[in-house]
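>>> Test case, fold it:
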Amino acid sequence: MIRLTYHIETAGDPERLAAKIASDQSTGTFVALPGETPELKARVAARVVGYRELPPVGEAAWPDGRAAGATYRAAEADIDFPLEAIGTDLAALMTIAVGGASAIKGFSGFRVTGLRLPPAFAGAYPGPQFGVAGTRRLTGVHGRPVIGSIVKPALGLRPHETAALVRELVEADVDFIKDDEKLMSPRYSPLADRVAAIMPIVRDHEQKTGKKVMYAFNISSDDPDEMVRNHDIVADAGGNAAVICINAVGFGGLKFLRKRARLALHAHRAGWDAMTRHPSLGLDFSVYQQFWRLLGIDQFQINGIRVKYWEPDDSFVRSFQAVTTPLFSPADCPMPVVGSGQWGGQAPDTYAQTGRTTDLLYLCGGGVVSHPGGPAAGVKAVRQAWDATVAGVPLEAYAREHEELAQSLQTFGASDAAA
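So this is what the prediction gives:
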């Protein structure tokens, strides 16, 4: 069985709507069907297996024409869908259990809050090729967070200008660099030209030091064949990572790429916010992320503490817990990527709220490149912040003997908005 949990809000009876989800999204429709036999229903009909009434709400998430101040009933329902009805096809699962269910009349609010998949899905999808262990192996970083940065400005830099920033970051001993999700292959900076400008710097540093900085080029495209060609440009040049804008390329695009992938796949979830921002609509990240992990994402961006965007800290913590909880085995966990307005100042809270783990990629854009001492000092400041955090030393105390961290605290400390 595939178990979905739904949060339901309605001016009517939420238990009736739960039963309607089960019926309409499996064997039934708006009228009785002569072919809906007991035998057929026993094989493929969905069933409500749990129902919990919740406190009423005073506002409709979806307008329903009622007067302001009306009260709406709320409930949570667990519905089991037989595997025989859906199979292991993720497009079928999304269509039936999420997309179709949300179209049913009568909801003033509808959200998918839980998904439990049977073991059949483990054998049907590859999952991460690299994940946490592979990311650590490729970067050579063990026992601390992987420290990363983003090319900024996100748009406008030509390949030689991007390469100049990359050289400074690489020489500062950063572990990871990525293209911004908005940068794909514009005329002023085609992907092939960026790869040609950047990879010699990465390879030269590796020859000199033995350390290969992981650079994730954005290879996203609406054409799966083009995306694979982009992938091969990076891989053939000696690269080891790629940014994938997962909502833009879709399930099929990612599945097509993963079958051919030699690179660690770094997921950017641009567009997810529209699916989840209202607490009574859309779907929880804990549900959403399962699809992409099965399809093979190795690194998953999930925002962070005190981000520059709308997401509150407790939502980030839940997202971190979701991607670090095995679906079927520890190997199917991607590396969590903490980003969005990050600098060293959030390291103590990040460490405390994620279970005192260093198994994460800590990604800073403006928090590195806008450091008053330059990007190299920015990298040092972030690493110093994490060294202090893991050692249990307050940042202000550690900064007395670490100038880069001191400058970072003075520059970014007032706003926590350094991306």
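
>>> can we go C-alpha only for contacts and neighbour counts from here?
OK.

>>> Buried residues in stretch 268-284, which are they?
Using 16 or more other C-alpha atoms under 10 Å as the test for burial, stretch 268-284 gives H268, R269, W272, T276, S280, L281, G282, L283, D284.

>>> What is the burial count for P55?
9 (other C-alpha atoms under 10 Å).

>>> Leaving out chain neighbours, which residue sits closest to it?
Leaving out its chain neighbours, the residue that sits closest to P55 by C-alpha to C-alpha, 6 or more residues apart in numbering is A74, at 6.3 Å.

>>> ok, that neighbour - contacts?
Counting by C-alpha atoms under 8 Å, 6 or more residues apart in numbering, A74 makes contact with H7, I8, E9, T10, P14, E53, L54, P55, P56, V57.

>>> did I read that right, it in a helix?
No. Membership of A74 in a helix is not supported by DSSP: H, G, I helix; E, B strand; the rest coil, which gives strand.

>>> what about it, distance to A85?
Relative to A85, A74 is positioned 28 Å away (C-alpha to C-alpha, to the nearest Å).

>>> can you check L257 too?
27 Å.

>>> For those two, work out which one has more neighbours and name it.
Per other C-alpha under 10 Å, whichever of L257 and A85 has more neighbours is L257, with 22 against 19.

>>> check contacts around the more buried one.
With C-alpha under 8 Å, 6+ apart, L257 has these contacts: P224, M227, V228.

>>> Mind checking which of the residues you listed are in helices?
Using DSSP state H, P224, M227, V228 are the members of the contacts of L257 that sit in helices.

>>> Tell me what the closest residue to S102 other than its chain neighbours is bridged to.
Nearest residue to S102, sequence neighbours excluded (C-alpha to C-alpha, 6+ apart): F110, at 6.5 Å. Using DSSP bridges, the beta-bridge partners of F110 come out as I8, L281.

>>> Could you verify my assumption that F110 touches T5?
No. Assessed by C-alpha atoms under 8 Å, F110 is found out of contact with T5, at 10.8 Å.

>>> before we move on, the earlier item: farthest-separated two in the buried residues of stretch 268-284?
H268 and S280 (23.8 Å; C-alpha to C-alpha).

>>> Just give me the neighbour total for M199.
Using other C-alpha under 10 Å, M199 is surrounded by 19 other residues.

>>> can I assume it sits in a helix?
Yes. Under three-state DSSP, M199 falls within a helix.

>>> picking that back up, out of the buried residues of stretch 268-284, the closest to G239 would be?
Of all those, G239 sits closest to H268, with 18.5 Å by C-alpha to C-alpha.

>>> At which residues are the strands of the stretch 251-400 of the chain located?
Ranges of strands in the stretch 251-400 of the chain, per DSSP state E, counting those that start in this stretch, are 264-268, 281-283, 299-301, 335-338, 361-364.

>>> Among those strands, which comes closest to V379?
So among the strands of the stretch 251-400 of the chain, strand 361-364 is nearest, using C-alpha to C-alpha, at 8.8 Å.

>>> mind listing what F320 touches?
By C-alpha under 8 Å, 6+ apart, the residues touching F320 are I302, P336, T354.

>>> Can you add pLDDT, neighbour count and distance to S102 and give these back as CSV?
Shown next, in CSV, are the contacts of F320 (pLDDT from 0 to 100; neighbours: other C-alpha atoms under 10 Å; distance: C-alpha to C-alpha, whole Å):
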residue, pLDDT, neighbour count, distance to S102
I302, 94, 22, 25
P336, 98, 26, 29
T354, 95, 17, 33
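
>>> need those residues in a markdown table with distance to I150, can you?
Converted to a markdown table, the contacts of F320 look like this (distance: C-alpha to C-alpha, whole Å):
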| residue | distance to I150 |
| --- | --- |
| I302 | 15 |
| P336 | 16 |
| T354 | 23 |
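
>>> I'd like to know which of these is nearest to A242.
Among the contacts of F320, P336 lies closest to A242 (C-alpha to C-alpha), at 15.3 Å.

>>> list the contacts for that closest one?
By C-alpha under 8 Å, 6+ apart, the residues touching P336 are Q299, F300, Q301, I302, F320, V323, T324, D359, L360, L361.

>>> Break this protein down into its domains, please.
Domain assignment of the chain by automatic domain parsing yields the ranges 2-124, 131-412.

>>> Against F328, how distant is the residue nearest to P55?
32 Å.

>>> which of the contacts of P336 lies closest to D175?
Closest to D175, out of all of the contacts of P336 and judged by C-alpha to C-alpha, is L361, at 9.2 Å.

>>> helices and strands of the protein: which one has the lowest mean pLDDT?
Of all helical and strand segments in the chain, the minimum by mean pLDDT, DSSP states H and E falls on helix 38-44, at a mean of 69.
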